[in-house]
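Novice: Got a predicted structure plus its sequence, pasted below:
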Amino acid sequence: MTILWTSEAIAKATSGKASADFSVNGVAFDSREIGPGDLFVALKGEHSDGHLHVEQAFASGAAGAIVSEPVDGPHVLVSDTVKALDALAIASRTRTSAKIIGVTGSVGKTGTKEALYAALDRCSFGKAHRSVKSYNNHVGVPLSLSRMPEDAKYGIFEMGMNHAHELSALTRLVRPHAAIVTAIAPAHIGNFSNGEAGIVDAKAEIFEGLMPGGTAIIPHDSPHCQRLRKKAERHADHVISFGFEAGADVRAIDVVAAPRGGSLVTAKLGEQSLCFTIAEAGRHWVSNSLAILAAVRAVGGDLATTGLALAEMSGIDGRGRRHLVSLKSGGTATVIDESYNANPASMKATLQHFASEACAGQKIVILGAMGELGEQSARYHTALADDILLSGAKAIILVGDDMAHTAPKLEHGLDQGVKMSHAASASDALTEVARLLSDGDILLVKGSNYLGLSSAVSALVSGEY
């Protein structure tokens, strides 16, 4: 396999001392993810110490390690392994000539990142790199950067935040040529004393790391567009807006449902028009696709190839993947897995699309509480009832304490024959839905990740329920 780092390069980047000559083809800080030839970074955190797992990492095939105390096995000794990972990320970013895209937003980050990767990897014949999973925080971003091959032509990095000033640090590591804010919504609003304005300012920090000549890509239809634009203009040479409304630089001028699901879109990019299909369903995916087109064009990618990639995108685990599951009672049901996260905007978008789903049986939803809404939690959970009522669900299972705010308004508006219950946990929700599912049914599972609703999805897909 291609060498990613040599011990000499690691030592130089981290100001460390190598115990021996070695080379690696991958990087990980979780010993459970180590494969043959990888570099293990022994991070020390508040609740864990990677040095306790160095032996396990070598047993799994690690070719070397970054450590802050001597260990048996080839390693680079540094004073601080967290700072060393940042230093390795900086070295990786410095040595590459790849065009880099940064992605943030309250919703749609991971899907947009994955679609950008699919498009740019296709047109570069396998020379694109992206952050995997949702590695978008203070350790995930430098890890993803350190994994980028030196000869990559494109790099796509997801960046997330829960508080102000987090993105500011991450974007200065990534130094993107183009930076996207997908959307602004009240995610993590409980951490901001000035409400959505604070979220806007925190998301706009992504523009602070833009390279000279860089492009900021912002949602035109957002009520916060002008605030984002003002922030972007301080750091970007170009500001591109995307959306459905007149005035957007990249605009959807026609959207119709595709025969097999998804959407057929005609978009206007300045004087250029592009017709394409999106495999993923929902208006939010059309919006994401416009940001994707803007970013691909900004970094010199191929728009035609992007259209092909969007047409072939499949759902992502926890973010819209659809499963056809065999039922113990006989027949099959469709499970839509949106279990990774939830906030008021993503809940609304998902339920609105669920309302348009056709099925031979009944619609069922398992909906978990939305986290980090602070003092506004009751208001947002109460308002959620309206979208649930319009979704067409015939059985509704609520999970989480905050759903107690949703239940009274929901119960008051239920049509006769619609069932509603409040489960204490994901396992209780699974037990209940297992009794309800019949042939031809369609089940939507969505909620904040801390509730563990993904375990219910896994059990249904595997048949172990």
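Specialist: Looks like it came in fine. As the structure is a prediction and not an experimental result, all values here were calculated from the model.

Novice: from here on, contacts and neighbour counts on C-alpha atoms
Specialist: Will do.

Novice: just the strands in the stretch 351-465 of the chain please.
Specialist: Using DSSP state E, counting those that start in this stretch, the strands assigned to the stretch 351-465 of the chain run over residues 363-368, 395-399, 419-423, 442-446.

Novice: out of those strands, nearest to residue 184?
Specialist: Across these, residue 184 has its closest neighbour in strand 442-446 (19.4 Å, Cα to Cα).

Novice: so for that closest one, what's the average pLDDT?
Specialist: Across strand 442-446, pLDDT averages out at 97.

Novice: ok, now stretch 372-388?
Specialist: The model assigns stretch 372-388 a mean pLDDT of 92.

Novice: Pull out the buried positions in that stretch.
Specialist: Within stretch 372-388, the residues that qualify as buried are 372-373, 377-378, 380-388, counting by 16 or more other Cα atoms under 10 Å.

Novice: same check, this time on stretch 426-442
Specialist: Result for stretch 426-442 [16+ other Cα under 10 Å]: buried residues 426-427, 429-430, 433-434, 437-442.

Novice: Please list the outside residues in contact with it.
Specialist: With contact meaning Cα atoms under 8 Å, 6 or more residues apart in numbering, stretch 426-442 is reached by 327, 329-336, 359-364, 366, 397-399, 423, 451-453, 455-456, 465.

Novice: And for stretch 58-78?
Specialist: For stretch 58-78, contacts defined as Cα under 8 Å, 6+ apart pick out 7, 10-11, 14-24, 34-43, 51, 54, 79-81, 84.

Novice: got the buried residues for that stretch?
Specialist: Residues of stretch 58-78 classed as buried by neighbour count (16+ other Cα under 10 Å): 58, 60, 62-68, 71, 74-78.

Novice: which sections of this protein are below the confidence cut-off?
Specialist: 1, 187-193 (pLDDT under 70).

Novice: So which residue is dead centre in it?
Specialist: For the chain, the residue nearest the mean C-alpha position is residue 110 (2.4 Å; Cα atoms, centre = their mean).

Novice: Could you name the helices and strands sitting against the helix or strand that contains it?
Specialist: In this structure, residue 110 sits in helix 109-123 according to DSSP states H and E. Judged by 3 or more Cα pairs under 8 Å, 6 or more residues apart in numbering; DSSP states H and E, the packing partners of helix 109-123 are strand 99-104, strand 128-130, strand 154-158, helix 283-298, helix 303-312.

Novice: let's see 7 Å
Specialist: Helix 109-123 makes packing contacts with strand 128-130, strand 154-158, helix 283-298, helix 303-312 when contacts are defined by 3 or more Cα pairs under 7 Å, 6 or more residues apart in numbering; DSSP states H and E.

Novice: Count the residues that sit near the closest residue to residue 313 other than its chain neighbours.
Specialist: Using Cα to Cα, 6 or more residues apart in numbering and skipping residues adjacent in sequence, the residue nearest residue 313 is residue 279, 5.8 Å away. Counted with other Cα atoms under 10 Å, residues neighbouring residue 279 total 21.
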